[in-house]
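> Sequence and predicted structure are below.
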Amino acid sequence: MTSPLSNRLPQAPADPGPLAGVRVVELAGIGPGPFAAMLLADLGADVVRVDRPGAPALGVDPATDLTNRNKRSVLVDLKAPHGAGAVLDLVERADILIEGYRPGVAERLGVGPRECLARNPLLVYGRMTGWGQDGPLAASAGHDIGYIAITGALALTGPADGDPAAPANLLGDYAGGALYLVTGVLAALHHARAHGTGQVVDAAVVDGTAHLSTMLHGLLAAGAWQDRRASNLLDGGAPFYGVYPTADGGHMAVGALEQRFYDTFAALLGLTEDEAALRGDPARWPELRAAVAARFRGRGREEWTAVFAGTDACVAPVLSLAEAPRHPHLAARGTFTEAHGAVQPAPAPRFSATPTALRRPPALPGAHTAEVARDWDTPALTRTEGPADPAPAA
C-alpha cells in the first residue's frame with residue numbers, strides 16, 4: 001500500500017462541473033448544511049457562504065475546514081440593521097438557499113422563506129435540521145447520534161453481545177441529512193425551472209436516515225430480518241460477512257456472500273472442507289466463525305491482503321482515514337487528491353462531459369465579500385460586515 005497518491009482531477013476547467021452557473025447562498029452553520037453546500041460547490045455551483053462575525057462555531061481553523069472548499073465567503077451580521085437586507089439582495093440573484101438553523105430562527109432574523117420567496121419567487125429554500133421543521137422534538141437541541149438512535153439505524157451497529165457503536169456522523173448528518181438535502185434542492189430546482197415556482201425543501205436527518213432503511217423494513221415485514229443486532233446476513237450475523245482481527249492488531253473485512261465467492265474465500269483462508277461446509281447450517285455458524293477467526297489471527301493484515309489480492313474472495317483490509325489514500329485502487333482512480341496543501345477526498349461522482357475540479361481552498365470568513373458584491377451586483381454587502389475575530393493561525 002505504498003502507491004503514490006494520484007492527482008488526476010482536472011484543474012479548473014472553463015465550465016467546472018454540471019452545476020456551473022447555479023448560484024447558491026449558504027447561511028453558515030455546522031454539520032450537514034455545510035457538507036451539502038460543499039457538494040453543490042464541488043459540482044460547479046457558485047456557492048457563497050454567509051459567515052457571521054466571530055470565531056468559528058467549533059473552534060476549527062477555517063483554513064483546514066475542507067467542507068468549505070470551492071466556496072466563497074462573505075461576512076454579514078444578520079443581527080445588524082441592514083444585515084437581512086444584504087442577504088436578501090443575494091437571495092434575489094440566487095437559485096438555491098441553504099440554512100441549518102433551528103425552526104423559527106431564520107424567520108426571526110428576517111431571512112425566512114416568506115421574505116426570501118417574496119424577493120425571488122423562483123428560489124429553492126433548503127432547510128436542514130435534525131428533527132425537521134415540525135413535530136414534538138422540532139425545537140429541541142440534538143446531534144447525529146440522537147437522530148439515528150430514534151430511527152432504528154443506531155441499533156444496527158455493533159456486536160450482538162455489545163453496545164451499539166456510533167458510526168461517526170456519516171450515517172445521520174451526511175447520508176441521512178446532507179445527501180437528502182442536495183437531492184431535494186436539485187429536484188426542486190428542476191421543478192422551478194420547468195414550472196416557474198420556487199418552494200421550501202424540509203430536509204430532516206431523521207427522515208433521511210429512516211428512508212435509508214427502506215429495504216430493511218421490507219425484509220422485516222417479510223420475516224426475513226430479525227430485529228436485533230448482528231443477527232442477519234448483512235449486519236455481522238453471518239460469519240462470512242463481518243470483520244476479523246489479524247495477528248498484528250489489524251482487521252480484515254469479509255463479504256463473501258455468494259457461494260462462488262465464499263468457496264474462493266474458504267480455500268484461500270485455509271478452511272478444511274468440513275469447516276467450509278458449516279456455511280450451510282446456520283445453527284453451527286458459531287463454529288464457522290471461530291474457525292475463520294482462528295485463521296485470521298495466524299497472520300498480519302498485510303499478509304492477508306496479499307493472499308486475497310486479485311481474487312474474487314471479497315475480502316479487504318480495514319484501513320484508517322490516514323491509510324486510505326495510499327490504497328493502490330484508490331490512488332489509481334484519484335479517489336483522494338492533494339490540493340491546496342491538504343490530502344482530501346476528490347469530488348464525486350464523476351462526469352464525462354462536465355468534469356469537476358477543486359477550484360478553491362476552504363473559504364476564510366469574509367475573504368470574498370468585495371468580490372461577491374461585484375460579481376453578484378450586491379454593493380450593500382460591503383456595508384454590512386461586522387468585526388471579525390482573527391482566524392486562528394494555520
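All right, it came through fine.

> quick one, helices of this protein?
Remark: helices assigned in the chain by DSSP state H are 32-42, 83-92, 105-108, 113-119, 144-151, 179-195, 205-212, 214-221, 259-269, 273-276, 285-296, 301-308, 328-333, 369-375.

> what's the angle between the longest one and helix 32-42?
This means helix 179-195. Using axes from the mean of the first three to the mean of the last three CA atoms, to 10 degrees, the inter-axis angle of helix 179-195 relative to helix 32-42 is 60 degrees.

> pLDDT on helix 179-195, on average?
Per-residue pLDDT over helix 179-195 has a mean of 98.

> and residue 162, which of the helices of the chain is closest to it?
Among the helices of the chain, helix 285-296 comes nearest to residue 162, with 14.9 Å by CB to CB. (Glycine included, C-beta is placed from N, CA and C.)

> Which strands or helices does the closest one pack on?
The contact analysis (3 or more CB pairs under 8 Å, 6 or more residues apart in numbering; DSSP states H and E) places helix 285-296 against strand 241-245, helix 259-269, helix 273-276.

> Adding mean neighbour count and distance to residue 341 as columns, could you present the helices of the chain in JSON lines?
Compiled in JSON lines, those are given as follows (neighbours: other CB atoms under 10 Å; distance: least, CB to CB, whole Å):
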{"stretch": "helix 32-42", "mean neighbour count": "27", "distance to residue 341": "17"}
{"stretch": "helix 83-92", "mean neighbour count": "22", "distance to residue 341": "29"}
{"stretch": "helix 105-108", "mean neighbour count": "16", "distance to residue 341": "35"}
{"stretch": "helix 113-119", "mean neighbour count": "17", "distance to residue 341": "36"}
{"stretch": "helix 144-151", "mean neighbour count": "22", "distance to residue 341": "28"}
{"stretch": "helix 179-195", "mean neighbour count": "18", "distance to residue 341": "27"}
{"stretch": "helix 205-212", "mean neighbour count": "22", "distance to residue 341": "32"}
{"stretch": "helix 214-221", "mean neighbour count": "13", "distance to residue 341": "41"}
{"stretch": "helix 259-269", "mean neighbour count": "17", "distance to residue 341": "41"}
{"stretch": "helix 273-276", "mean neighbour count": "14", "distance to residue 341": "50"}
{"stretch": "helix 285-296", "mean neighbour count": "17", "distance to residue 341": "38"}
{"stretch": "helix 301-308", "mean neighbour count": "17", "distance to residue 341": "30"}
{"stretch": "helix 328-333", "mean neighbour count": "14", "distance to residue 341": "19"}
{"stretch": "helix 369-375", "mean neighbour count": "17", "distance to residue 341": "21"}
